[in-house]
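> Could you work out the structure for the sequence below:
(one chain, ligands or ions: 1)
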Amino acid sequence: MDNISKLQEALTWANLAVLLAVYFASLIFYRLFWTLFPNSPAYYDLVQNGQYTFKIVDLHKKYGPIIRISPYELHVIDPAFFEKLFRQDGRWDKYAWVYKAFFVEGATICTASHELHKARRQPLNQFFSKTKVAARQGIIDHNITKFCGRVSQFSGKTVKVRDALSALARDISCEFILDKTYGNLDQEDFNIAITKMIQDGAGFIWRVSKHLRQESEEDSKNLLSISTTSSPVELPSRTIVHEIVDSKLPPEEKKLARVHDDVTTISSAGFETTASVLRLVLFHIYNNQEILRQLRAEIDTVMEASLFNDEKLEVKKLEQFPYLTSVIMEGMRLSPAIGSRMARIAPDRDLFYGNFRIPAGTPVGMTIILMHTDETLYPAPLSFNPDRWMDLEERKKMEKTYAPFSRGTRMCLGMYLAWAQMYLIVARVVHLFDFDFKGIEPADFEMVSDQFVIGTKGNAVLNGLVTLRKA
Ligand code: HEM
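Down below sits the predicted model:
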């Protein structure tokens, strides 16, 4: 019997069924268990709770600046590659596998395709522009006033600054985006459940909590119906829902489910991102009397003028203070919101890293926090040192590889809103209050796990004795 006849004989339906059964059983085993075996990415991420980022660092030490970190994905640790990967020109997809895990496929932030993302983002750009943020600074101002009022009530006692700052960031974000406050600052415990849900809940910052989805679904529905039926005269302040409805996006992009995905993700992207930078910055300011002194020397005059002469405290005025700017930049260097690698895909062309050719369609990622704590760029990288930003020439050089808001087509949409909050909040808090953060250490703010956001040793707790500043 020749080989072909033997093969034909073996290819019975029964044999094929057995082969298929074995194939699917192995696949199920592989998907469920093999990936959890020690040394697999899922093992470090799931069993060891967000340790893969550190394993990637070890792998780079062993194998060089470009490595394969899964069967499908590459990682680069060389800062010089950053500006080649995070760009405005060219087509850049996101790695769909990562963002599908958030279960908000209609959200701009989770849109993998370059073209669809561009179409979805276009109507939102203007809403978050620097000019629009400046025009609506009142929203930030009156929420800070409320925050300061609440913190003053604790004078002489311990206040939970983590909780209060989270509530402030949430109230500003929701009011700016939906023209509605959810009153987190009014709540006795600053609605800490939401902060915890975002921090602990599977570690996903942009995993939108059920709470926010439910509350905002009704609002999205109302806004959608108002913006499609009312005359412009009757419209309340514009919200992102109005921007989407009035855009050139096709009708299916304006359906409630899609719009609501954007409402929830965009507002929640502004919660713990901004709050965690502010916590780190305020801790370091009050932990180092020299930083506090220099900051106050710089801002006190303008703060007095705004308090007593009714001069509006504008962000553009605060931006001119070099030390205040350096303090905020240093805060964002150490807390650039995301602790995970961010992969980009060039769908239509090969990329090159030195002599390595990266085939079109390959997800290749970099991790901003690793770049921001690279000791070849920042000596003593884990120490909070605003002075490293004070020399403008040096700053310019460092800005090439400084990217707390990422870069390129997927750069943070809320960047100007975040900057404005940070300037105004730091200036007002430092001018009004003294804090004693006894028992809290700089190491409490260091990254110890990748929770998509930065998981810190101290879990962002920032309890401190607050007093009103003596004149
Ligand atoms: C200090 C505060 C903030 C930091 C450090 C930060 C950082 C980032 C980073 C690194 C990304 C890129 C994420 C990725 O590639 O997947 C991003 C995207 C984004 N951020 Fe922020 N963010 C901050 C505040 C905000 C605020 C206040 C908002 C809005 C209220 C916001 C809304 C967004 C949105 C919508 C995206 C997705 C943009 C897109 O895919 O087109 N962020 N942010």
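> Test my guess that G106 contacts K254.
No. With contact defined as Cβ atoms under 8 Å, G106 does not count as touching K254 (10.7 Å). Yep, even glycine has a C-beta here, placed from its N, CA and C like the rest.
> what residues are shared contacts of those two?
Shared contacts of G106 and K254 (Cβ atoms under 8 Å, 6 or more residues apart in numbering): none.
> Q187 is in contact with A167, isn't it?
Yes. At 7.2 Å, Q187 and A167 qualify as touching, with contact defined as Cβ under 8 Å.
> What segments of this protein are strands?
In the chain, the strands defined using DSSP state E lie at 66-68, 74-76, 93-94, 157-160, 342-345, 351-353, 356-358, 364-366, 433-436, 447-451, 453-456, 463-468.
> Serialize those strands to a markdown table and add fields for mean neighbour count.
Below are the strands of the chain laid out as a markdown table (neighbours: other Cβ atoms under 10 Å):
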| stretch | mean neighbour count |
| --- | --- |
| strand 66-68 | 15 |
| strand 74-76 | 23 |
| strand 93-94 | 22 |
| strand 157-160 | 15 |
| strand 342-345 | 22 |
| strand 351-353 | 16 |
| strand 356-358 | 14 |
| strand 364-366 | 22 |
| strand 433-436 | 18 |
| strand 447-451 | 21 |
| strand 453-456 | 24 |
| strand 463-468 | 18 |
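> who's in contact with R120?
So R120 contacts 108, 111, 249, 253, 262 (Cβ under 8 Å, 6+ apart).
> mean confidence score for stretch 369-378?
Averaged across stretch 369-378, the pLDDT comes to 96.
> Which one's more surrounded, Q187 and A167?
A167 (29 against 15; other Cβ atoms under 10 Å).
> can you count the residues close to the residue in the stretch 1-150 of the chain that the ligand sits nearest to?
Residue nearest to the ligand within the stretch 1-150 of the chain (Cβ to the nearest ligand atom): I109, separated by 3.7 Å. For I109, the neighbour count with other Cβ under 10 Å is 21.
> if I pick it, what's in contact with it?
Neighbours of I109 in contact, by Cβ under 8 Å, 6+ apart: 99, 206, 265-266, 269, 410, 413.
> Kindly report the same for A460.
162, 199, 275-276, 279.
> Kindly recompute the last result at 10 Å.
A460 sits next to 161-163, 165-166, 195-196, 199, 272, 275-276, 279-280, 283, 335, 444-445, 453-454 when contact means Cβ atoms under 10 Å, 6 or more residues apart in numbering.
> what do you get for G365?
By Cβ under 10 Å, 6+ apart, the neighbours of G365 are 56, 69, 73-76, 85, 95, 98, 340-345.
> can you do 6 Å?
Residues in contact with G365 (Cβ atoms under 6 Å, 6 or more residues apart in numbering) are 75, 341-343.
> Next to the ligand, which bits of the stretch 301-450 of the chain? Give me the list.
332, 336-338, 342, 404-406, 410, 412-414, 417-418 (Cβ under 6 Å from any ligand atom).
> Now for the closest residue to T195 other than its chain neighbours, how many residues are close by?
Nearest residue to T195, sequence neighbours excluded (Cβ to Cβ, 6 or more residues apart in numbering): S166, at 4.0 Å. Residues near S166, counting by other Cβ under 10 Å, number 29.
> Before I go, just wanted to say thanks for your time.
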